[in-house]
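Chemist: missing the sequence, but the structure's below:
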Ligand SMILES: CN1CCN(c2ccccc2CNc2ccc(C(N)=O)cn2)CC1
């Protein structure tokens with residue numbers, strides 16, 4: 001599964017450039033029985049299985065031994081703190097991250113208490129395993145590492161970089177299905193273009209995710225741009 005972040009796109013290139021390393025530890029490789037069992041039954045009964053403690057614990061300990069000092073161990077689960085761009089920025093400051101991906105119904109609570117530093121969730125929905133959340137985290141954090149995005153500005157302008165949703169984007173043809181590109185984008189007036197893009201980002205955030213605006217300190221110019229957008233919208 002992790003080939004998708006190691007062999008493709010921005011993360012694949014960053015890996016190739018040596019900007020970060022990705023090591024994988026599979027509990028199956030730490031099994032001691034001939035069936036290579038990695039699941040176990042839950043105390044108290046109930047549906048489903050848990051990850052068997054011994055292989056997972058040995059895999060985590062082997063990974064920590066290889067990581068050496070200063071590794072932060074993260075568990076991806078629906079019970080975790082809600083991951084967001086601020087969390088991504090904080091994780092990008094960590095030199096080593098160990099991501100534990102649960103399968104089945106999860107892992108023994110005592111392993112969480114003894115081995116996990118932080119529990120994170122990528123959203124309020126249920127997945128079959130922690131691998132996709134782990135790859136989501138890898139992608140979001142890698143993009144923030146120096147030298148990964150050719151044009152650092154695009155990291156800054158990435159929506160959620162300034163806490164706002166992204167503005168609309170346009171490319172050829174100038175008229176598509178009878179709809180033309182907003183004139184300002186063809187004007188070559190970069191100050192006006194930048195202002196229009198900020199106004200669109202503010203307006204779309206207000207329309208789609210107003211709660212994001214409440215914890216933002218808008219500049220006077222941003223307030224004016226948003227008010228103009230709202231006046232126009234509400235007419
Ligand atoms: C039916 N349950 C089986 C056990 N599972 C589970 C429980 C604990 C850890 C990992 C998983 C793997 N699933 C994840 C993981 C993360 C997220 C997220 N939001 O970050 C969503 N799902 C949850 C679902």
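Modeler: Received the coordinates, thanks. On a predicted model such as this, the values are computed, not experimentally measured, just so you know.

Chemist: which parts of the helix or strand containing residue 54 are buried?
Modeler: Secondary structure from DSSP states H and E places residue 54 in helix 53-67. Neighbour-count burial for helix 53-67 flags 55-60, 63-64, 67 (criterion: 16 or more other Cβ atoms under 10 Å). The way it works is simple: take the backbone N, C-alpha and C, and place the C-beta from them, glycine included.

Chemist: now swap in stretch 32-51 and tell me
Modeler: Residues of stretch 32-51 classed as buried under the neighbour-count rule (16+ other Cβ under 10 Å) are 38, 40, 49-51.

Chemist: Restricted to strands, list the residues you listed.
Modeler: Of the buried residues of stretch 32-51, the ones assigned to strands by DSSP state E are 40, 50-51.

Chemist: mind listing the helices in the protein by residue range?
Modeler: 3-6, 9-16, 53-67, 85-92, 109-115, 131-142, 152-157, 190-208, 210-214, 220-234 (DSSP state H).

Chemist: can you tell which of those helices is closest to residue 164?
Modeler: Closest to residue 164 of the helices of the chain is helix 190-208 (Cβ to Cβ; 4.3 Å).

Chemist: Name the residues that touch that closest one?
Modeler: For helix 190-208, the surrounding residues in contact (Cβ atoms under 8 Å, 6 or more residues apart in numbering) are 159, 162, 164-168, 182, 184-185, 187, 212-213, 218, 222, 225-226, 228-230, 233.

Chemist: got the angle for it vs helix 220-234?
Modeler: Angle, helix 190-208 to helix 220-234, by axes from the mean of the first three to the mean of the last three Cα atoms, to 10 degrees: 60 degrees.

Chemist: Close to the ligand: what parts of this structure are there?
Modeler: For the chain, the residues in contact with the ligand (Cβ under 6 Å from any ligand atom) are 76-78, 102, 105-106, 121-123, 125-127, 129-130, 133.

Chemist: okay if I get the buried residues of stretch 32-51 as CSV plus pLDDT?
Modeler: Output for these, formatted as CSV (pLDDT from 0 to 100):
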residue, pLDDT
38, 98
40, 98
49, 98
50, 98
51, 98
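
Chemist: What is the nearest of those residues to residue 116?
Modeler: Closest to residue 116, out of all of these and judged by Cβ to Cβ, is residue 51, at 12.8 Å.

Chemist: Could you pick out the longest strand of the chain?
Modeler: Longest strand in the chain, counting residues (DSSP E): strand 71-82.

Chemist: Flag the helix or strand of the chain with the lowest per-element mean pLDDT.
Modeler: Every helix and strand in the chain was compared by mean pLDDT, DSSP states H and E; the lowest is helix 152-157, with a mean of 56.

Chemist: Please consider this matter closed, and thank you.
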